[in-house]
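Visitor: the following block contains a protein sequence and its predicted model.
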Amino acid sequence: MKQFKTILFSEPEPSIGQITLNRPENLNAITFEMLDEFSELFQILSQEDSIRVVILTGEGRGFCSGADLKNASHIFDSGALTDPESFLRIAQEKFSGLVLGLRKIPQTIIAAVNGVAAGGGFAMTLGSDFIVATPDAYFIPSFINIGLSGGEMGTSYFLPRFVGLSRATEILCTGRNIYADEAERIGLVVKIVPQEELIETALSYAKMMISKSVGGLRLTKRVLEANSAAPSLEAALNLENRNQTIMAFSGDFARLVKSFVEEKK
(Lines give C-alpha, C1' and ligand atoms only; values in the text may rest on other atoms or scores of the structure.)
Protein backbone atom coordinates (compact mmCIF):
# COMPACT_ATOMS: atom_id res chain seq x y z
CA MET A 1 0.00 0.00 0.00
CA LYS A 2 1.31 3.45 -0.89
CA GLN A 3 2.53 5.72 1.91
CA PHE A 4 0.85 9.13 2.27
CA LYS A 5 1.84 12.31 4.12
CA THR A 6 -1.39 13.55 5.69
CA ILE A 7 -3.07 10.19 6.29
CA LEU A 8 -1.76 6.82 7.40
CA PHE A 9 -3.10 3.49 6.21
CA SER A 10 -2.45 0.30 8.15
CA GLU A 11 -3.90 -3.19 8.47
CA PRO A 12 -4.17 -3.91 12.23
CA GLU A 13 -5.85 -7.26 11.55
CA PRO A 14 -6.23 -9.33 8.37
CA SER A 15 -9.05 -7.92 6.20
CA ILE A 16 -9.34 -4.81 8.42
CA GLY A 17 -7.86 -1.48 7.35
CA GLN A 18 -7.29 1.63 9.44
CA ILE A 19 -7.13 5.17 8.08
CA THR A 20 -5.58 7.63 10.54
CA LEU A 21 -5.71 11.36 9.85
CA ASN A 22 -2.12 12.38 10.47
CA ARG A 23 -1.82 16.12 11.10
CA PRO A 24 -2.00 16.04 14.92
CA GLU A 25 -0.25 19.40 15.30
CA ASN A 26 -3.26 20.96 13.52
CA LEU A 27 -5.93 18.71 15.07
CA ASN A 28 -5.90 16.79 11.76
CA ALA A 29 -7.38 19.73 9.86
CA ILE A 30 -8.24 18.96 6.24
CA THR A 31 -5.93 20.36 3.56
CA PHE A 32 -6.16 20.11 -0.21
CA GLU A 33 -3.23 17.71 -0.08
CA MET A 34 -5.24 15.51 2.30
CA LEU A 35 -8.23 15.60 -0.05
CA ASP A 36 -6.01 14.47 -2.93
CA GLU A 37 -4.52 11.67 -0.83
CA PHE A 38 -7.96 10.49 0.25
CA SER A 39 -9.05 10.43 -3.39
CA GLU A 40 -6.05 8.27 -4.28
CA LEU A 41 -6.62 5.95 -1.33
CA PHE A 42 -10.29 5.52 -2.23
CA GLN A 43 -9.28 4.43 -5.73
CA ILE A 44 -7.01 1.80 -4.21
CA LEU A 45 -9.60 0.58 -1.70
CA SER A 46 -12.31 0.33 -4.34
CA GLN A 47 -10.20 -2.38 -5.99
CA GLU A 48 -8.82 -3.93 -2.80
CA ASP A 49 -10.97 -7.00 -2.12
CA SER A 50 -8.79 -8.18 0.76
CA ILE A 51 -9.81 -5.17 2.92
CA ARG A 52 -13.43 -5.58 3.99
CA VAL A 53 -13.87 -3.14 6.90
CA VAL A 54 -12.13 0.20 7.49
CA ILE A 55 -11.68 2.07 10.77
CA LEU A 56 -11.38 5.85 10.39
CA THR A 57 -9.73 7.76 13.23
CA GLY A 58 -7.49 10.72 14.05
CA GLU A 59 -3.97 10.92 15.43
CA GLY A 60 -3.39 12.79 18.68
CA ARG A 61 -5.92 14.66 20.80
CA GLY A 62 -8.69 15.11 18.25
CA PHE A 63 -10.41 13.44 15.33
CA CYS A 64 -10.53 16.38 12.90
CA SER A 65 -11.05 20.12 13.39
CA GLY A 66 -12.45 20.60 9.88
CA ALA A 67 -10.96 22.48 6.96
CA ASP A 68 -7.56 24.07 7.52
CA LEU A 69 -8.56 27.67 6.82
CA LYS A 70 -4.91 28.78 6.69
CA ASN A 71 -4.26 26.20 4.00
CA ALA A 72 -7.31 27.45 2.11
CA SER A 73 -6.04 31.02 1.90
CA HIS A 74 -4.97 30.54 -1.71
CA ILE A 75 -8.67 30.26 -2.63
CA PHE A 76 -9.13 33.87 -1.57
CA ASP A 77 -5.86 34.96 -3.19
CA SER A 78 -6.74 33.27 -6.48
CA GLY A 79 -9.90 35.31 -6.91
CA ALA A 80 -12.10 32.21 -6.85
CA LEU A 81 -14.61 34.01 -4.63
CA THR A 82 -15.36 36.40 -7.49
CA ASP A 83 -16.31 33.49 -9.74
CA PRO A 84 -18.90 31.02 -8.38
CA GLU A 85 -18.02 28.35 -10.95
CA SER A 86 -14.35 28.44 -9.98
CA PHE A 87 -15.17 28.25 -6.28
CA LEU A 88 -17.50 25.30 -6.92
CA ARG A 89 -14.77 23.43 -8.79
CA ILE A 90 -11.70 24.46 -6.78
CA ALA A 91 -13.14 24.14 -3.27
CA GLN A 92 -16.71 22.99 -2.83
CA GLU A 93 -16.65 19.88 -5.01
CA LYS A 94 -13.22 18.87 -3.69
CA PHE A 95 -14.46 18.84 -0.09
CA SER A 96 -17.79 17.16 -0.83
CA GLY A 97 -15.92 14.54 -2.85
CA LEU A 98 -14.32 13.32 0.38
CA VAL A 99 -17.67 12.22 1.82
CA LEU A 100 -18.82 10.85 -1.53
CA GLY A 101 -15.67 8.75 -1.61
CA LEU A 102 -16.42 7.31 1.84
CA ARG A 103 -19.84 6.19 0.60
CA LYS A 104 -18.64 4.77 -2.71
CA ILE A 105 -15.94 2.41 -1.47
CA PRO A 106 -17.29 -1.08 -0.77
CA GLN A 107 -15.85 -1.38 2.73
CA THR A 108 -17.96 -0.78 5.83
CA ILE A 109 -16.51 2.25 7.67
CA ILE A 110 -16.37 2.62 11.45
CA ALA A 111 -15.51 6.11 12.68
CA ALA A 112 -13.53 5.99 15.95
CA VAL A 113 -13.76 9.52 17.34
CA ASN A 114 -11.65 11.04 20.10
CA GLY A 115 -11.80 14.73 20.92
CA VAL A 116 -13.26 17.18 18.44
CA ALA A 117 -14.94 16.36 15.13
CA ALA A 118 -15.78 19.77 13.70
CA GLY A 119 -16.96 20.99 10.32
CA GLY A 120 -15.59 18.66 7.68
CA GLY A 121 -14.51 16.28 10.44
CA PHE A 122 -18.11 16.09 11.64
CA ALA A 123 -19.22 15.44 8.05
CA MET A 124 -16.69 12.60 7.76
CA THR A 125 -18.13 10.88 10.83
CA LEU A 126 -21.64 11.17 9.34
CA GLY A 127 -20.34 9.72 6.08
CA SER A 128 -19.09 6.65 7.95
CA ASP A 129 -21.41 3.71 8.56
CA PHE A 130 -21.45 4.16 12.32
CA ILE A 131 -19.53 5.89 15.09
CA VAL A 132 -17.86 4.85 18.33
CA ALA A 133 -16.40 7.60 20.51
CA THR A 134 -14.60 8.48 23.72
CA PRO A 135 -16.22 10.42 26.60
CA ASP A 136 -14.32 13.58 25.58
CA ALA A 137 -15.50 13.42 21.96
CA TYR A 138 -17.70 16.22 20.67
CA PHE A 139 -19.14 17.20 17.32
CA ILE A 140 -19.47 20.72 15.91
CA PRO A 141 -21.57 21.50 12.80
CA SER A 142 -19.63 24.71 12.45
CA PHE A 143 -20.57 25.75 8.91
CA ILE A 144 -23.33 28.15 9.92
CA ASN A 145 -20.93 29.74 12.43
CA ILE A 146 -18.66 31.02 9.61
CA GLY A 147 -21.33 32.49 7.37
CA LEU A 148 -22.24 29.38 5.38
CA SER A 149 -25.42 27.31 5.47
CA GLY A 150 -25.68 24.34 7.80
CA GLY A 151 -25.85 21.96 4.85
CA GLU A 152 -22.30 21.03 3.87
CA MET A 153 -20.51 17.83 2.82
CA GLY A 154 -23.69 15.79 3.22
CA THR A 155 -24.74 17.00 6.68
CA SER A 156 -28.27 17.88 5.56
CA TYR A 157 -28.58 14.39 4.05
CA PHE A 158 -27.06 12.29 6.83
CA LEU A 159 -27.87 14.05 10.09
CA PRO A 160 -31.70 13.80 9.78
CA ARG A 161 -31.25 10.10 9.12
CA PHE A 162 -29.24 9.74 12.33
CA VAL A 163 -31.32 11.89 14.68
CA GLY A 164 -34.54 12.94 12.91
CA LEU A 165 -35.41 16.07 10.97
CA SER A 166 -36.47 18.29 13.89
CA ARG A 167 -33.36 17.63 15.96
CA ALA A 168 -31.10 17.90 12.90
CA THR A 169 -32.63 21.28 12.07
CA GLU A 170 -31.95 22.57 15.58
CA ILE A 171 -28.35 21.32 15.50
CA LEU A 172 -27.48 22.62 12.02
CA CYS A 173 -29.17 25.99 12.55
CA THR A 174 -27.46 26.69 15.88
CA GLY A 175 -24.04 25.24 15.10
CA ARG A 176 -23.76 24.18 18.74
CA ASN A 177 -21.50 21.49 20.19
CA ILE A 178 -22.87 17.97 20.57
CA TYR A 179 -21.02 16.26 23.41
CA ALA A 180 -20.49 12.52 23.67
CA ASP A 181 -23.25 11.74 26.16
CA GLU A 182 -25.87 13.55 24.08
CA ALA A 183 -24.49 12.06 20.86
CA GLU A 184 -25.04 8.57 22.27
CA ARG A 185 -28.47 9.43 23.64
CA ILE A 186 -29.79 10.76 20.32
CA GLY A 187 -28.39 7.88 18.26
CA LEU A 188 -25.49 9.67 16.60
CA VAL A 189 -22.94 7.45 18.38
CA VAL A 190 -23.49 3.74 19.00
CA LYS A 191 -21.07 3.36 21.93
CA ILE A 192 -18.94 5.47 24.29
CA VAL A 193 -15.74 3.83 25.53
CA PRO A 194 -12.59 5.01 27.34
CA GLN A 195 -9.82 6.43 25.16
CA GLU A 196 -7.60 3.38 25.67
CA GLU A 197 -10.38 1.09 24.43
CA LEU A 198 -11.45 3.10 21.39
CA ILE A 199 -9.57 1.30 18.61
CA GLU A 200 -10.00 -2.10 20.25
CA THR A 201 -13.77 -1.53 20.39
CA ALA A 202 -13.83 -0.57 16.72
CA LEU A 203 -11.77 -3.67 15.95
CA SER A 204 -14.22 -5.86 17.88
CA TYR A 205 -17.06 -4.67 15.63
CA ALA A 206 -14.88 -5.12 12.55
CA LYS A 207 -13.98 -8.69 13.51
CA MET A 208 -17.66 -9.60 13.84
CA MET A 209 -18.28 -8.16 10.38
CA ILE A 210 -15.46 -9.95 8.58
CA SER A 211 -16.79 -13.27 9.92
CA LYS A 212 -19.76 -12.74 7.58
CA SER A 213 -19.77 -13.47 3.86
CA VAL A 214 -17.98 -11.03 1.56
CA GLY A 215 -21.03 -10.42 -0.60
CA GLY A 216 -23.41 -10.21 2.32
CA LEU A 217 -21.37 -7.46 3.98
CA ARG A 218 -20.93 -5.42 0.81
CA LEU A 219 -24.56 -5.69 -0.26
CA THR A 220 -25.71 -4.67 3.21
CA LYS A 221 -23.81 -1.37 2.87
CA ARG A 222 -25.28 -0.87 -0.59
CA VAL A 223 -28.87 -1.66 0.39
CA LEU A 224 -28.77 0.63 3.41
CA GLU A 225 -27.36 3.41 1.24
CA ALA A 226 -30.01 2.97 -1.45
CA ASN A 227 -33.02 2.30 0.76
CA SER A 228 -32.40 5.22 3.10
CA ALA A 229 -33.87 7.26 0.26
CA ALA A 230 -36.14 4.62 -1.30
CA PRO A 231 -39.25 6.19 -2.89
CA SER A 232 -41.50 3.43 -1.57
CA LEU A 233 -41.59 0.20 0.42
CA GLU A 234 -42.04 -1.69 -2.83
CA ALA A 235 -38.87 -0.18 -4.29
CA ALA A 236 -36.97 -1.08 -1.12
CA LEU A 237 -38.28 -4.65 -1.20
CA ASN A 238 -37.37 -5.04 -4.87
CA LEU A 239 -33.74 -4.16 -4.11
CA GLU A 240 -33.68 -6.44 -1.07
CA ASN A 241 -35.17 -9.28 -3.14
CA ARG A 242 -32.50 -8.80 -5.80
CA ASN A 243 -29.69 -8.87 -3.23
CA GLN A 244 -31.06 -11.92 -1.43
CA THR A 245 -31.41 -13.81 -4.70
CA ILE A 246 -27.80 -13.02 -5.58
CA MET A 247 -26.64 -14.24 -2.16
CA ALA A 248 -28.83 -17.37 -2.25
CA PHE A 249 -26.85 -18.52 -5.28
CA SER A 250 -23.47 -17.47 -3.91
CA GLY A 251 -22.81 -20.79 -2.18
CA ASP A 252 -22.54 -19.39 1.35
CA PHE A 253 -26.28 -19.42 1.95
CA ALA A 254 -26.81 -23.15 1.40
CA ARG A 255 -23.66 -24.04 3.33
CA LEU A 256 -24.50 -21.87 6.34
CA VAL A 257 -28.15 -22.95 6.47
CA LYS A 258 -27.09 -26.61 6.36
CA SER A 259 -24.55 -25.96 9.12
CA PHE A 260 -27.22 -24.22 11.20
CA VAL A 261 -29.67 -27.12 10.80
CA GLU A 262 -27.03 -29.69 11.68
CA GLU A 263 -26.03 -27.71 14.76
CA LYS A 264 -29.67 -27.61 15.94
CA LYS A 265 -29.96 -31.37 15.49
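Guide: Right, received. Where do you want to start?

Visitor: secondary structure class of the nearest residue to Val116 once chain neighbours are set aside, three-state.
Guide: Leaving aside its sequence neighbours, Val116 sits nearest to Gly62 (CB to CB, 6 or more residues apart in numbering; 4.4 Å). Every residue, glycine included, has its C-beta placed from N, CA and C. On the three-state scheme (DSSP: H, G, I helix; E, B strand; the rest coil), Gly62 is labelled coil.

Visitor: okay, now Gly62: neighbour count?
Guide: 23 (other CB atoms under 10 Å).

Visitor: mind checking pLDDT for it?
Guide: Looking at Gly62, its pLDDT reads 96.

Visitor: tell me which residues touch it, please.
Guide: 24, 27-28, 114-117, 121 (CB atoms under 8 Å, 6 or more residues apart in numbering).

Visitor: pretty sure Lys5 sits in a helix.
Guide: No: assessed with three-state DSSP, Lys5 is coil; it does not lie in a helix.

Visitor: if we can go back for a sec, what two of the contacts of Gly62 are the furthest from one another?
Guide: Farthest pair in those (CB to CB) is Pro24 and Ala117. Separation: 14.4 Å.

Visitor: who has more neighbours out of these two?
Guide: Neighbour count, other CB under 10 Å: between Pro24 and Ala117, Ala117 has more, with 31 against 13.

Visitor: quick one: average confidence on stretch 151-168?
Guide: pLDDT averaged over stretch 151-168 gives 95.

Visitor: for the residue nearest to Ala226 when sequence neighbours are not counted, the count of nearby residues, please.
Guide: Leaving out its chain neighbours, the residue that sits closest to Ala226 by CB to CB, 6+ apart is Leu239, at 5.7 Å. Residues near Leu239, counting by other CB under 10 Å, number 15.

Visitor: state the distance from the closest residue to Gly115 other than its chain neighbours to Ala133.
Guide: Distances taken as CB to CB, 6+ apart put Gly62 closest to Gly115, at 3.4 Å, once the chain neighbours are dropped. Noted for Gly62: a distance of 12 Å to Ala133, by CB to CB, to the nearest Å.

Visitor: and for Thr6?
Guide: Taken as CB to CB, the span from Thr6 to Ala133 is 22 Å.

Visitor: I appreciate the help and will end here.
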